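1. got a structure for you, letters missing:
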DNA sequence: CTAAACGTTGCCATTAATGTGAAGGTCAAG
DNA sequence: CTTGACCTTCACATTAATGGCAACGTTTAG
């Protein structure tokens, strides 16, 4: 499919689809006329990219983890696209785990706060 | 304490301490000479800010949750600094929860991938 | 008193992610 | 063949977080 179609199906601006290619996290083919050509899997890939960006990852991090996230969907790890960098992957993993920890701790604090507030002042009106 | 001291104790550049003030997440007093003056609690606050920034939150989000995170440390919620915006707080909370979900899902996928890879190719060498 | 060290404000630079528009090529419909 | 919709690249603009410098005031040590 062409870029406009992918944009429509994912809700992501064509500008960004080109940007994701530029930073190496999306790899369309090219039609003979020079148009970008995307396969069906590109849809999921773009949605995955958006999800990760919205969760606060950078395109650099995404470039490292994305190949493995897609491979993880297959039954067996036949080939290792990130074979080059299992170590970088482990680092990304621990970075993500740190983030989760921080977010969980703070989520809990906010919840405690809200709960206390709801108990103390149900006279919110 | 003065800005340089706080910078030394937190490892955060003075430039950033001024920036955090500019965006409203740090509120030093002023000494008669115009110097910023920070109390002891500023140390924790700055570290907290760094933690949240590194976890991918923006200063906008931090501005909303920080008062409550500090209040949550007290025994009781005497006064509500964010009384104005319990609703914004709930939104931040659900945003954070979404992030945690995304990160957990992807952390799990990466772990699966790494585990599979380690089982398949212990001949890493 | 003077120099060094530190503070102030202000402004300009950078990187990442994103928006926007110009100038021109391609293609399908009339 | 022309028009309109879509594509291409190029380039400049913006926002957030950060770095750096300049010009100038303050404080401290010699």
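-> Structure received. This is a predicted model, so every value here is computed, not measured.
2. Show the contacting residues for the residue in chain A positioned nearest to chain B.
-> When scored by CB to the nearest CB, chain A has residue A:56 as its residue closest to chain B, at 2.3 Å. In this view, the C-beta of every residue, glycine as well, is placed from N, C-alpha and C. By CB atoms under 8 Å, 6 or more residues apart in numbering or on different chains, the contact list for residue A:56 reads A:99, B:55-57, B:99.
3. And for residue A:102?
-> By CB under 8 Å, 6+ apart, the contact set of residue A:102 is B:51-52, B:54-55.
4. That one: helix or strand, and which one exactly?
-> helix A:86-120 (DSSP states H and E).
5. Compute the inter-axis angle for that helix and helix B:86-120.
-> Helix A:86-120 runs at 150 degrees relative to helix B:86-120, counting by axes from the mean of the first three to the mean of the last three CA atoms, to 10 degrees.
6. Check the burial of residue A:21 by counting its neighbours.
-> 15 (other CB atoms under 10 Å in any protein chain shown).
7. Look at residue A:120 and say how many residues are nearby.
-> So residue A:120, with other CB under 10 Å, has 12 neighbours.
8. Which pair in the contacts of residue A:102 has the greatest spatial separation?
-> Greatest spatial distance in those: B:52 and B:54, 7.3 Å, computed using CB to CB.
9. higher neighbour count, those two?
-> Using other CB under 10 Å, the more surrounded residue of residue B:52 and residue B:54 is residue B:52, with 22 against 13.
10. quick one: secondary structure of the more buried one?
-> Under the three-state scheme (DSSP: H, G, I helix; E, B strand; the rest coil), residue B:52 adopts helix.
11. Wait, it touches residue A:109, no?
-> No. Judged on CB atoms under 8 Å, residue B:52 makes no contact with residue A:109 at a distance of 11.2 Å.
12. just the contacts of residue A:56 now: which is nearest residue B:114?
-> Using CB to CB, these come closest to residue B:114 at residue A:99, 17.6 Å.
13. Now do the contacts for the residue nearest to that closest one when sequence neighbours are not counted.
-> Leaving aside its sequence neighbours, residue A:99 sits nearest to residue B:55 (CB to CB, 6 or more residues apart in numbering or on different chains; 4.6 Å). Counting by CB under 8 Å, 6+ apart, residue B:55 touches A:56, A:98-99, A:102-103, A:106.
14. pLDDT score assigned to residue B:55?
-> If you check residue B:55, the pLDDT there is 96.
15. Then residue A:124?
-> For residue A:124, the pLDDT comes out at 48.
16. before we move on, what about residue A:74?
-> At residue A:74, the pLDDT value in this model is 71.
17. Count the residues that sit near it.
-> By other CB under 10 Å, 11 other residues sit near residue A:74.
18. for it, helix, strand, or coil?
-> Residue A:74 ends up coil, using three-state DSSP.
19. For it, give its distance to DNA strand D.
-> Using CB to the nearest atom of the strand, to the nearest Å, we find residue A:74 at a distance of 29 Å from DNA strand D.
20. And the residue nearest the centre of chain A?
-> Central residue of chain A (CA atoms, centre = their mean): residue A:52, 2.4 Å from the mean position.
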